[in-house]
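Peer 1: Structure for this input, please:
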Amino acid sequence: MRSTFILTAVAMVAFAANSLLARQALGVPAIDPAGYTALRVISGAIVLFLLFRRRRGLTHGGSIPGSWPAALALFLYAIAFSAAYVDLGAATGALILFSSVQATMLVYAVARGDRPSLNEALGFAVAFAAFVYLVLPGAGRPDLFGSLLMIVSGVAWGAYTLLGRGSVDPVGETAGNFVRASAFCIPLGFYALVGESATTVGVVLALTSGIVASGLGYAIWYSALRGLTTFRAALIQLSVPVIAAAGAILLLGEALTLHFVVAGFVVLGGIAFAILSKQKRQA
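Peer 2: Modelled structure (predicted):
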């Protein structure tokens, strides 16, 4: 249980870091969405593949783990996420993305019989309401095309998470998924080279996202999923916007407001209530 908690916490920080890196890179913009996505996925694939080969040994044969469905879900999430932030504000995008993720995973969980208890549902409702309270004031009227792209991104990320449940080789499967997703990114890389819109800062941010926050972060998430139910995996991701907002305050100089303190406390409290209720029910 302790290892699952640590892995989950690290993965949530990595997810939040991805949001911060994307905001910096695409908000200026310091790089276009195609170039950002290509660098993010391909750099993550290279590092993960090297780790995978080093662990198994250079002479070890056999195919790399992972699957094409997971790779396609990963690619759709990444490209739609990048493209959506061209037209959406950070708060609007976060609301649409995580709403889509929760809907995808919870519908799947209920359909498979992983139904939450009354206390779990209450904890989720409290956390989600506080999450909406946190991001909605800065949302405004969202762009329709950008909103549709972010919905696609959220559904794809939910699918990628679901496909990773029961992973027996998190690093290997994440490496395989990234390597396969890189095939979809090669045309994006050529497009970015022709456009020549990337700055040095944009490239560094994309590489940091790909190697650290995405590649290693997603391998850790696949490891954490082995100790989480579908409902709990969906619920815990509501903490990401709170962590991202805290990172923006600490690293980007954004003001600490009472609005954020109250919403963040209630989001994390709702998550803790639901998880503790699940543990007491199993005891």
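Peer 1: I'd guessed residue 26 sits against residue 36; true?
Peer 2: Yes. In this structure residue 26 lies within contact range of residue 36 using CB atoms under 8 Å: 6.3 Å. In short, each C-beta sits where N, CA and C put it, glycine included.
Peer 1: more crowded one of the two?
Peer 2: The neighbour count for residue 26 versus residue 36, taken as other CB atoms under 10 Å, is higher for residue 36 (31 against 23).
Peer 1: Which strands or helices does the strand or helix carrying the more buried one pack on?
Peer 2: Using DSSP states H and E, residue 36 falls within helix 33-56. Other elements packing on helix 33-56 under the criterion 3 or more CB pairs under 8 Å, 6 or more residues apart in numbering; DSSP states H and E are helix 2-27, helix 68-84, helix 170-195, helix 200-208.
Peer 1: and that helix with helix 68-84, angle?
Peer 2: 140 degrees (axes from the mean of the first three to the mean of the last three CA atoms, to 10 degrees).
Peer 1: for the record, mean pLDDT for helix 33-56?
Peer 2: Mean per-residue pLDDT for helix 33-56: 89.
Peer 1: Renumber starting at 56 from here on
Peer 2: Right, with 56 as the first residue, what we last looked at is helix 88-111.
Peer 1: Dump the C-alpha coordinates for that helix into CSV.
Peer 2: Output in CSV follows, covering the C-alpha atoms of helix 88-111 (Å, rounded to 0.1, in the frame of the first residue of the first chain):
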residue,chain,number,x,y,z
PRO,A,88,1.7,21.9,-31.2
ALA,A,89,3.1,19.6,-33.8
GLY,A,90,6.7,20.1,-32.9
TYR,A,91,6.0,20.0,-29.2
THR,A,92,4.1,16.7,-29.5
ALA,A,93,6.7,15.1,-31.8
LEU,A,94,9.6,16.1,-29.5
ARG,A,95,7.7,15.0,-26.4
VAL,A,96,6.8,11.6,-27.6
ILE,A,97,10.0,10.7,-29.5
SER,A,98,12.3,11.9,-26.7
GLY,A,99,10.3,9.9,-24.2
ALA,A,100,10.5,6.8,-26.5
ILE,A,101,14.3,7.0,-26.9
VAL,A,102,15.0,7.2,-23.1
LEU,A,103,12.5,4.6,-22.2
PHE,A,104,13.7,2.2,-24.9
LEU,A,105,17.3,2.6,-23.7
LEU,A,106,16.2,1.9,-20.1
PHE,A,107,14.3,-1.2,-21.3
ARG,A,108,17.3,-2.5,-23.3
ARG,A,109,19.7,-1.9,-20.5
ARG,A,110,17.5,-3.8,-18.1
ARG,A,111,17.1,-6.8,-20.4
